[in-house]
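Novice: got a sequence here, can you model it:
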Amino acid sequence: MTTTDRSLVNQSDAIIFHPFDVNVKDLPMHRTAHQRYILFFYEAYVSHRNFPVFKNPATNFEFFNWTMTYRRDSDIYGSSYGSITRRNQSAQLNTLPPLLSPEESPPDPFTFWQFSGLNQSRQHPAVANRTKSVAWFVTNCNTPSKREIFFRQVAKYIPIDIFGGCGPLKCLRGGSENCDQLLDDYKFYVSAENSICPDYITEKFYRALEMGVVPVVYGGADYSAYAPPHSYINAADFESPQALADYLLLIERNPRLYSEYLDWNKDWEINKQKQSEGWCRLCEKLNAAKSKEQQPNNNTTSKVYRDMAKWYYETVSCIPGSTILNKYGIS
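Specialist: Numbers count the residues shown, from 1 in each chain. I've put the predicted structure just below:
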């Protein structure tokens with residue numbers, strides 16, 4: 001059970017602290033031996049200067065026992081954005097090539113070399129309906145990642161339709177579902193994070209995959225650990241913004257090549273239950289700790305972070321967007 005009733009603080013197994021909401025002058029007066037203090041944060045920030053919790057010795061040094069963040073090295077890994085799981089009847093679980101019965105014949109080679117509109121057997125059905133190139137929904141126009149500057153360069157070579165506060169286009173009224181419907185016309189979606197930080201992937205990425213649009217990612221995570229091969233295009237793989245645009249144009253002009261970027265969903269699917277997984281892991285970890293503490297002759301001590309800011313910002317650092325731009329010679 002979770003509660004915001006502070007009168008129960010001394011009866012709780014864990015107290016969760018969010019960096020934005022911590023008042024260092026209003027911390028619990030008493031800390032029981034079995035309690036775990038947990039840093040809970042699913043966002044990424046390049047600098048900790050805005051967080052009193054990291055600057056104050058009372059909360060930064062030997063205060064937190066566990067972390068619950070988007071980073072996979074957290075004590076409790078969790079994300080409110082999504083995950084991808086293999087379908088139960090995945091074709092990838094079978095040995096390749098699949099065997100054919102005596103009644104079946106191999107595919108006719110002519111079907112692989114037929115480029116007329118009469119035969120689209122290898123083209124994904126959604127491709128024919130996508131007539132526009134790249135979409136981007138964005139409202140934050142000045143980010144630490146400098147994504148707005150990078151994709152301004154990409155847009156010199158391929159059209160990018162920008163919806164929201166940073167562009168001339170607007171979504172339909174009525175909420176995000178109507179906005180998502182606009183993606184039905186596009187082949188690519190810019191999934192650019194506002195910070196280039198380790199393991200930081202947000203709803204922008206999963207939104208594109210769920211809508212059947214190929215995400216063009218710009219971030220600091222190892223995307224290969226989060227998504228199947230050939231399901232996204234990573235800006236970091238290209239030597240320049242122009243090279244990225246040229247590749248997008250190549251894929252766009254070759255429907256069968258583009259279709260290959262949509263084939264991942266034959267074997268994988270978006271897991272919409274992701275939001276609860278972190279909380280389930282927290283409950284399991286608390287129950288395991290309580291069980292261990294109740295064992296006779298238990299002399300173990302609780303884990304504690306000696307320097308939380310060092311773990312969050314220095315163990316694996318975020319990259320300033322200016323570093324990315326300098327790599328490409330963009331001023």
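Novice: and residue 160, how many neighbours?
Specialist: Using other C-beta atoms under 10 Å, residue 160 is surrounded by 21 other residues. (C-beta placed from N, C-alpha, C; glycine too.)
Novice: same question but for residue 136, I mixed them up
Specialist: Around residue 136 there are 25 residues (other C-beta under 10 Å).
Novice: repeat that for residue 220.
Specialist: Neighbours around residue 220, by other C-beta under 10 Å: 21.
Novice: what sits against it?
Specialist: 193, 195, 196, 197, 198, 199, 200, 318, 319 (C-beta atoms under 8 Å, 6 or more residues apart in numbering).
Novice: which residue, other than its chain neighbours, is closest to the first one?
Specialist: Okay, so that is residue 193. Excluding the flanking residues, the one nearest residue 193 by C-beta to C-beta, 6 or more residues apart in numbering is residue 219, at 3.9 Å.
Novice: let me know whether that neighbour touches residue 194 as I believe.
Specialist: No. The criterion here is C-beta atoms under 8 Å, and residue 219 misses it with residue 194 at 9.2 Å.
Novice: shared neighbours of these two, which are they?
Specialist: residue 145.
Novice: hmm, which of the contacts of residue 220 are the buried ones?
Specialist: Listed as buried from these are 193, 195, 196, 197, 198, 199, 200, 318, 319; burial here means 16 or more other C-beta atoms under 10 Å.
Novice: which residue, other than its chain neighbours, is closest to the spatially most central residue of the chain?
Specialist: Closest to where the C-alpha atoms of the chain average out (C-alpha atoms, centre = their mean) is residue 201, at 2.2 Å. Take residue 201 and drop its neighbours on the chain: the residue closest to it by C-beta to C-beta, 6+ apart is residue 221, 4.9 Å away.
Novice: that neighbour: how many residues sit nearby?
Specialist: Number of residues near residue 221 (other C-beta under 10 Å) recorded here: 23.
Novice: next up, the contacts around it.
Specialist: Counting by C-beta under 8 Å, 6+ apart, residue 221 has contacts 197, 198, 199, 200, 201.
Novice: my read is that the second one contacts residue 314, right?
Specialist: No. Here residue 198 does not reach residue 314: they are 11.4 Å apart, not a contact under C-beta under 8 Å.
Novice: run through the helices of the protein in chain order.
Specialist: Counting by DSSP state H, one finds helices in the chain at the ranges 52-55, 57-60, 147-154, 176-181, 203-210, 241-252, 255-260, 274-293, 308-313, 321-327.
Novice: cheers, nothing more for now.
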